[in-house]
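Engineer: okay, sequence plus prediction incoming.
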Amino acid sequence: MTYKKLLIISDIEGSSACLDRASAKFFGKGWPRACLGMTRDVNAVATALLDAGVARVHIRDFHRTAYNIIPSLIHPGAVLHQGYAAGPVPGMGAPEGFDGVVMIGMHAPSGSRGFLSHTLTSRIAGVTVHGQLISEAQLFSAALASFGIPPLFFSGCPEACTHTRKFMSDVHTFPIDKFKEGFHAPSWRQCLAEETVKSLRREQPVTYNPEGPFRAVVTMAEGRQAAKTLEQRWGYRRKGRELHLEVKDFAGLFRELSRLAFLTPLGEKLVPLALPLYHLMGRAGLAWAQKKPLYPDEPSDTGAETE
């Protein structure tokens, strides 16, 4: 199959320089370094895809404020999208015309043992359907299915890759074990890019959106009171610290979880007004991050600022 237009979704926990919780936190210690590592990972993949003949590569920054990738270090032939968009796919808007999606820098679901595992937010201790944990990769892929976009590739910690292979067996995975002795980010990054290109060899990729209806169980990490607050806010059925959501498919589950995790009824109405302010905050944070020195294990990049 020939791929003319691909979407890259990039998170930070499974990137090469995010080493602890503070590295993933907005303005956290280590976050500038994590942003640079994430940028280099994304750029290696985008460059390899363009070199392999993909005509258009779009990158969707999808962590925290969605301003983590340093634009000046991205291949000029790639299109970088930063800041969240309103629309049918939470945070992504209406991503039409893509032949497939590549997910890098990802993490395992809440309730698993992976590095910084969570599903949308650490306030959720786990999301299960039929007793099985659900990951962001599953949710993203399901939301993109209505646009005819199949998942092609996934990279994250070993636990995240194992989970993805279990439920999305035809997706090509490539793990990152950055805490293993001798880990060398540039070498791993080169392999990441090569493995991403290999994922394009699939003849007939398929979309992913398991259909229900089914009941999803969302367990709140903060306990009964947090679940009770959400029960009163959205009308979900509750049992202890569990919320029970009735959904018709995984795409619907992604929409419900996004409301549950990030919005209030009033906030949902104000999203079009609030997004520009949120984007402004994200751009300010990234400007701050770019003023920090590059970390010493790799050569300086043209366009990155140092103190």
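Structural biologist: Nice, thanks for sending it over. Owing to the predicted nature of the structure, the values given are computational and were not obtained by experimental measurement.
Engineer: rest of the way, CA atoms for contacts and neighbours
Structural biologist: Fine.
Engineer: packing partners for the longest helix along the chain?
Structural biologist: Selection of the longest helix in the chain by residue count, based on DSSP state H, yields helix 265-290. When contacts are defined as 3 or more Cα pairs under 8 Å, 6 or more residues apart in numbering; DSSP states H and E, helix 265-290 packs onto helix 31-51.
Engineer: just checking, what packs against the helix it packs on?
Structural biologist: Packing contacts for helix 31-51, counted by 3+ Cα pairs under 8 Å, 6+ apart, involve strand 5-10, strand 56-61, strand 78-81, helix 185-198, helix 265-290.
Engineer: sorry, back to before: buried sites along the longest helix of the chain?
Structural biologist: By 16 or more other Cα atoms under 10 Å, the buried positions in helix 265-290 come out as 278-279, 282-283, 285-286, 289-290.
Engineer: and that helix, how far out from the chain middle?
Structural biologist: 18 Å (Cα atoms, centre = their mean, to the nearest Å).
Engineer: pLDDT on that helix, on average?
Structural biologist: Averaging pLDDT along helix 265-290 gives 96.
Engineer: for the chain, give me the ranges with low pLDDT.
Structural biologist: Within the chain, the stretches with pLDDT under 70 are 294-307.
Engineer: ok, which stretches of the protein are helices?
Structural biologist: Using DSSP H, the helices of the chain run over 31-51, 136-145, 158-167, 185-198, 224-234, 250-262, 265-290.
Engineer: so which of those comes closest to residue 107?
Structural biologist: If you check each of these against residue 107 by Cα to Cα, helix 158-167 wins as the nearest, at 5.4 Å.
Engineer: isn't residue 151 right up against residue 209?
Structural biologist: No - between residue 151 and residue 209 there is no contact under Cα atoms under 8 Å: 10.7 Å.
Engineer: overlap in contacts, these two.
Structural biologist: Listed as contacting both residue 151 and residue 209 by Cα atoms under 8 Å, 6 or more residues apart in numbering are residue 141.
Engineer: those two: which has the busier surroundings?
Structural biologist: Using other Cα atoms under 10 Å as the criterion, residue 151 and residue 209 rank with residue 151 on top: 28 against 20.
Engineer: picking that back up, residue 82: which of the helices of the chain is closest?
Structural biologist: helix 265-290 (8.2 Å).
Engineer: compute the inter-axis angle for that closest one and helix 224-234.
Structural biologist: With axes from the mean of the first three to the mean of the last three Cα atoms, to 10 degrees defining the directions, helix 265-290 sits at 120 degrees from helix 224-234.
Engineer: can you get me a residue count around residue 92?
Structural biologist: Residues near residue 92, counting by other Cα under 10 Å: 21.
Engineer: how near is it to residue 86?
Structural biologist: From residue 92 across to residue 86, the span is 7 Å (Cα to Cα, to the nearest Å).
Engineer: ditto for residue 45
Structural biologist: The value you get for residue 45 to residue 86, if Cα to Cα is used, is 26 Å.
Engineer: between those two, which has more neighbouring residues?
Structural biologist: Neighbours per residue, other Cα under 10 Å: of residue 45 and residue 86, the larger number sits with residue 45, 25 against 13.
Engineer: next up, the contacts around that one.
Structural biologist: 192-193, 196.
Engineer: got it, and residue 234?
Structural biologist: Residue 234 neighbours (Cα under 8 Å, 6+ apart): 260, 265.
Engineer: and it, how far from residue 121?
Structural biologist: Going from residue 234 to residue 121 by Cα to Cα gives 18 Å.
Engineer: now residue 113
Structural biologist: 15 Å.
Engineer: which one of the two has more residues nearby?
Structural biologist: A direct count of neighbours by other Cα under 10 Å for residue 113 and residue 121 places residue 121 higher, at 17 against 13.
Engineer: how close does the more buried one sit to residue 97?
Structural biologist: 29 Å.
Engineer: cool, residue 232 as well?
Structural biologist: To residue 97, residue 232 is 39 Å away according to Cα to Cα.
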